[in-house]
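Participant: quick check, what structure comes out for this input:
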Amino acid sequence: MKPLTLVMVDDHVNFRTRARDLLEGFGFVVIGEAGNGTEALRTVRTLRPDVVLLDIVLPELDGFAVCEQLAAERCESTIVLTSTRSASVYRRRLTTCSARGFIPKHELTGASLASMIERR
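Facilitator: A predicted model of the protein is given here:
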């Protein structure tokens, strides 16, 4: 099976660097990064990754808005939301958005992301 391609969207470069190392070490291939919502849309549309790891709190457009727009465009990427805040803060919005799921940043591992992607 070919490795899954991934785009990371987060406004903190340090987090993207740590997450890239972590996820590439697990076998994901990070093909792009974005630091805000507008850049995220452009990057995902251009690169068409298998997976988008999408921070909720972003400049310009938040992760929920990015997720909605990609869903409206029938984007085939699997979107997994992340945040430093707990899921309880976003409970209602998490249940109504089209993302596959949510992983708190402090719980992000290659295995946790792979497990989230495998859920259907």
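
Participant: longest helix in the chain, please.
Facilitator: Criterion DSSP state H: the longest helix present in the chain is helix 13-26.

Participant: show me what counts as buried in that helix.
Facilitator: Using 16 or more other CB atoms under 10 Å as the test for burial, helix 13-26 gives 15, 16, 19, 20, 23. (Each C-beta comes from the backbone N, C-alpha and C, glycine too.)

Participant: what separates it from the chain centre, distance-wise?
Facilitator: 13 Å (CA atoms, centre = their mean, to the nearest Å).

Participant: got the angle between the helix or strand following it and helix 13-26?
Facilitator: Remark: after helix 13-26, the chain's next helix or strand is strand 29-34, criterion DSSP states H and E. Put simply, strand 29-34 runs at 170 degrees to helix 13-26, going by axes from the mean of the first three to the mean of the last three CA atoms, to 10 degrees.

Participant: just checking: what are the partner strands of strand 29-34?
Facilitator: Strand pairing for strand 29-34, using DSSP bridges, gives strand 5-9 (parallel).

Participant: what ranges do the strands span in the protein?
Facilitator: Ranges of strands within the chain are 5-9, 29-34, 51-55, 78-83, 101-104, based on DSSP state E.

Participant: deepest-packed of these, please.
Facilitator: Highest mean neighbour count of these: strand 51-55, a mean of 26 (counted as mean count of other CB atoms under 10 Å).

Participant: mind exporting the C-alpha coordinates of the lowest-mean-pLDDT helix or strand in the chain to CSV?
Facilitator: When each helix and strand of the chain is scored by mean pLDDT, DSSP states H and E, helix 87-96 comes last, with a mean of 88. C-alpha atoms of helix 87-96 as CSV (Å, rounded to 0.1, in the frame of the first residue of the first chain):
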residue,chain,number,x,y,z
ALA,A,87,-13.1,18.5,22.1
SER,A,88,-15.7,19.7,24.7
VAL,A,89,-15.0,23.3,23.7
TYR,A,90,-16.2,22.5,20.1
ARG,A,91,-18.6,19.7,20.9
ARG,A,92,-21.6,21.0,18.8
ARG,A,93,-19.5,22.1,15.8
LEU,A,94,-17.5,18.9,15.8
THR,A,95,-20.7,16.9,15.5
THR,A,96,-22.1,18.9,12.6
